[in-house]
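for reference, the sequence and a predicted model appear below.
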Amino acid sequence: MKKWLCCIMLLAILLTQCASAAPTPTPTPPVPWPTEEWPSSTPEEQGMDSAVLQQMMDDLDDQDVPMHAVIVIRHGHMVWEEYRNGYHAEKSQEIQSVTKSFSSTLIGIALRLGLIQDVQQRMVDLFPDHTLENMDERKERITLEHLLTMSEGMDWHEHDFPYDDPRNTLGQMWVSKDAVQHVLDRPMVREPGESWAYNSGTSILLGGIIEQVTGGKVTSFAEEHLFEPIGIEGYWWAKTRGGHHHTDGGLWLLPRDMARLGYLMLHQGTWDGQEIVSADWVAEATREHQQTTWGDGYGYQWWTVPSSQVYRATGHYGQMIYVVPEADMVVVFTGNIPDSDPYPHDALVFRYILEACSDLPYEARHKSYARYGWACEYPAGFRIRELPIGDATEVSDASGMVQFQFVGYPRDLLVVAWGQAEPDDDLTSHVDQVFADNVDEPGVSVQRGTFEEARKGEQRLIRQAFEIVVQGRLALSGYAGAWYCPEAGRAYLVVYETDPGMPGRDAGSAFQQFLDSLSCHGAG
């Protein structure tokens, strides 16, 4: 059991440096529809605790998070609207790649109108008047669905180099004479559908397809079939050098109007009795088609959140639209979060906004992990990874490890590992092994507290606080603990890490909360 433990701490340090079909919602009738303005309400009138929401804002202020807007729509009512850093309700903002989700919706509308046959139409057939370079059989097999899911297989390096680096293909597209043609001409490196890779060029092609099938501008189609029907009046949409609209990230909107797209999706594509986009499209657009390199799922230019039924539109610097069908809720964030900082938005939704819902079932906010003879309750939204330990080739009832990672702020990493053990095993040796091989990592030091005794039901448990210092800076703090479960003859190791100094979040309390939820064959 001990051989693998040396990897936990270093893995956690590296992780901190990184940045399902939605069910038909059952909103409380009658459904309120925003005409010129959103109906307003107190949080309490819609089953939410305003004190929890205010705590969220206070914590954001304490951490100097550069948030511009926070909007919560529940049961069709605006229950929370806060602005920061000089922004206000009438100031529009560039919504960055949230634009992609608008562009995807326009494709769905074109399908409903019969302008596009289906998502299996080939890319080359949707651009009949274009001659494509670097043609091969793989490029001929690219479909509209591959573009929607960013699994088209083109050679694209958007996140491999800085935007101003000449090797960045997004930067190349920005300065090209014709953005659509530039993307169509890219060479292939993978079979379409084989894997996901972030490619804003696919979103530019979605705009090009709208131009092809309508014979007009993207904005004209959007105004008639999306913006006007759902009440979006003021917008600005930037253009590329070739005259195409930036359907990958150039739309400017009011945060309140961003919420309108979320509300349309929440209601399965229907707005006040009028079908804007089909319910089938909404279901397909918001389920996971591809697994991303960041642990999220990806639909039709919508992101799905692990271990939940939540989906979102995501934009650079922290522009977000969350749709939470279980809670009949839409949440909007705008801001200017630096690339070097983790995005806090998932944590804000799951740890504050959903926790504020007094009428929401516990299961909608938290999930139960139960496998291999043990179970653990944890907040929804965590990324889960299972790994074998020691010489084992797979995770089993006898031994294994599961990581629960929350990529947000505060960042959390919970590791639960188990292995066969004897009642008289020295539990301190399990905890010691976690740190043994990490103190020699360059620039990394671990400061440990004294062992404390605690209880896990009727069993004895030991735990120890620690801090990880990287290049002289306190990077993480947490607890490590071990306990023996006699019913199963297993020893359990639980390691919890989080950001130090987060207001209102005590690592010891969070560790104990996770520990209390851990069970083994009925052992408390």
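Ah, there it is.

dead centre of this protein: give me the residue that sits there.
V305 (4.8 Å; CA atoms, centre = their mean).

please verify my assumption that that residue contacts G381.
Yes: because the distance of 5.6 Å satisfies CB atoms under 8 Å, V305 is recorded as touching G381. For the C-beta atoms, the positions are set from N, CA and C on the backbone; glycine is no exception.

overlap in contacts of those two?
With contacts defined as CB atoms under 8 Å, 6 or more residues apart in numbering, the residues adjacent to both V305 and G381 are D346.

domains of this structure?
Listed domain ranges for the chain are 6-16+365-520, 44-341 (source: automatic domain parsing).

and the shortest one, how far out from the chain's middle?
Centroid separation between domain 6-16+365-520 and its chain, computed with CA atoms, centre = their mean, to the nearest Å, is 23 Å.

and the gap between the residue nearest to the centre of the chain and V349?
Applying CB to CB, to the nearest Å, the value for V305 to V349 is 8 Å.

again, but for K456
Counting by CB to CB, the gap from K456 to V349 is 31 Å.

now swap in R74 and tell me
Going from R74 to V349 by CB to CB gives 12 Å.

joint contacts of the two?
Between them, R74 and V349 share no contacting residue under CB under 8 Å, 6+ apart.

would you mark the buried spots in stretch 174-188?
174, 176, 178-186, 188 (16 or more other CB atoms under 10 Å).

widest-spaced pair of the residues you listed?
Longest distance between any two of these is 21.8 Å, between W174 and M188; criterion CB to CB.

re earlier: got the contact list for the residue nearest to the centre of the chain?
By CB under 8 Å, 6+ apart, the residues touching V305 are 296-297, 311-312, 346, 380-381.

make it 7 Å
Taking CB atoms under 7 Å, 6 or more residues apart in numbering, we find V305 in contact with 296, 311-312, 346, 381.

what do you get for L493?
By CB under 7 Å, 6+ apart, the contact list for L493 reads 417, 430, 482.

send me stretch 168-185 as CSV with only the CA atoms.
What follows is stretch 168-185, C-alpha atoms only, in CSV (Å, rounded to 0.1, in the frame of the first residue of the first chain):
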residue,chain,number,x,y,z
ASN,A,168,-0.5,30.0,-32.1
THR,A,169,-3.1,29.0,-34.7
LEU,A,170,-5.9,31.2,-33.2
GLY,A,171,-3.6,34.2,-33.5
GLN,A,172,-2.9,33.2,-37.1
MET,A,173,-6.7,33.0,-37.8
TRP,A,174,-7.2,36.5,-36.3
VAL,A,175,-4.8,38.1,-38.7
SER,A,176,-5.7,36.0,-41.8
LYS,A,177,-7.5,37.5,-44.7
ASP,A,178,-10.5,35.1,-44.4
ALA,A,179,-11.0,33.4,-41.0
VAL,A,180,-13.4,30.8,-42.3
GLN,A,181,-11.1,29.8,-45.2
HIS,A,182,-8.1,29.8,-42.8
VAL,A,183,-9.8,27.1,-40.6
LEU,A,184,-11.0,25.1,-43.6
ASP,A,185,-7.5,24.9,-44.9
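
in JSON lines, list the contacts of V305 along with secondary structure, distance to L226 and pLDDT.
Converted to JSON lines, these look like this (DSSP: H, G, I helix; E, B strand; the rest coil; distance: CB to CB, whole Å; pLDDT from 0 to 100):
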{"residue": "D296", "secondary structure": "coil", "distance to L226": "25", "pLDDT": "91"}
{"residue": "Y311", "secondary structure": "strand", "distance to L226": "18", "pLDDT": "97"}
{"residue": "R312", "secondary structure": "strand", "distance to L226": "19", "pLDDT": "98"}
{"residue": "D346", "secondary structure": "helix", "distance to L226": "27", "pLDDT": "91"}
{"residue": "G381", "secondary structure": "coil", "distance to L226": "29", "pLDDT": "80"}
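
list the contacts for the nearest residue to R112 once chain neighbours are set aside?
Excluding the flanking residues, the one nearest R112 by CB to CB, 6 or more residues apart in numbering is S278, at 5.2 Å. Applying CB under 7 Å, 6+ apart to S278 gives the contacts 108, 112, 269.

which intervals of this protein have sub-threshold pLDDT?
By pLDDT under 70, the low-scoring segments of the chain are 1-29, 407-409, 437-440, 501-505, 521-524.

in this structure L264 contacts W271, no?
Yes: if you go by CB atoms under 7 Å, L264 and W271 touch, sitting 5.6 Å apart.

among those two, which residue is more densely surrounded?
More neighbours surround L264 than the other of L264 and W271, with 21 against 18 (other CB atoms under 10 Å).

can you tell me the element the more buried one falls in?
L264 belongs to helix 255-266 when assigned by DSSP states H and E.

do the same with S101
Assigned by DSSP H and E, S101 falls within helix 98-112.

for that helix, packing partners?
helix 200-214, helix 255-266, helix 279-285, strand 311-315, strand 319-324 (3 or more CB pairs under 7 Å, 6 or more residues apart in numbering; DSSP states H and E).

now find how far off-centre the longest one is within its chain.
In terms of CA atoms, centre = their mean, the centre of helix 200-214 is set 25 Å apart from its chain centre.

ok, stretch 200-220 next?
With CA atoms, centre = their mean as the basis, stretch 200-220 stands 26 Å off its chain's centre.

show me which positions of stretch 53-69 end up buried.
Neighbour-count burial for stretch 53-69, counted by 16+ other CB under 10 Å, picks out 53, 55-57, 59-60, 63, 65, 67-69.

which parts of the stretch 401-524 of the chain are helices?
427-436, 507-517 (DSSP state H, counting those that start in this stretch).

determine which stretch of those helices is the most buried.
helix 427-436 (a mean of 19; mean count of other CB atoms under 10 Å).

name the nearest residue to M329, sequence neighbours excluded.
Going by CB to CB, 6+ apart, M329 has R74 as its nearest residue, at 4.9 Å.

mind listing the residues bridging to the one you found?
Counting by DSSP bridges, R74 is bridged to H77, M329.

surely it meets S50?
No: the criterion here is CB under 7 Å, and R74 misses it with S50 at 11.9 Å.

higher neighbour count, the two?
The neighbour count for R74 versus S50, taken as other CB under 10 Å, is higher for R74 (27 against 13).

picking that back up, return the member of the contacts of S278 nearest to L461.
Nearest to L461 out of the contacts of S278 is G269 (CB to CB; 51.0 Å).

and V277, backbone torsions?
Backbone torsions for V277, taken as degrees, to the nearest 10, come to phi -140, psi 150.

check contacts around it.
When contacts are counted by CB under 7 Å, 6+ apart, V277 touches 105, 108-109, 112, 269.

sorry, back to before: nearest to G489 among the buried residues of stretch 174-188?
The nearest one, if we look at the buried residues of stretch 174-188 relative to G489 and count by CB to CB, is M188, at 53.5 Å.

quick check: the closest one vs L476, distance?
Noted for M188: a distance of 41 Å to L476, by CB to CB.

now S220
In terms of CB to CB, S220 sits 52 Å off from L476.

likewise D328?
Per CB to CB, D328 is found 36 Å from L476.

what's the answer for Q420, then?
From Q420 over to L476 (counting by CB to CB), the distance is 30 Å.

those two: which is more packed in?
Neighbour totals were compared for Q420 and L476, and L476 leads with 24 against 13 (other CB under 10 Å).

pretty sure that one contacts V470?
No: in this structure, L476 is not within contact of V470 by CB under 7 Å, at 8.2 Å.
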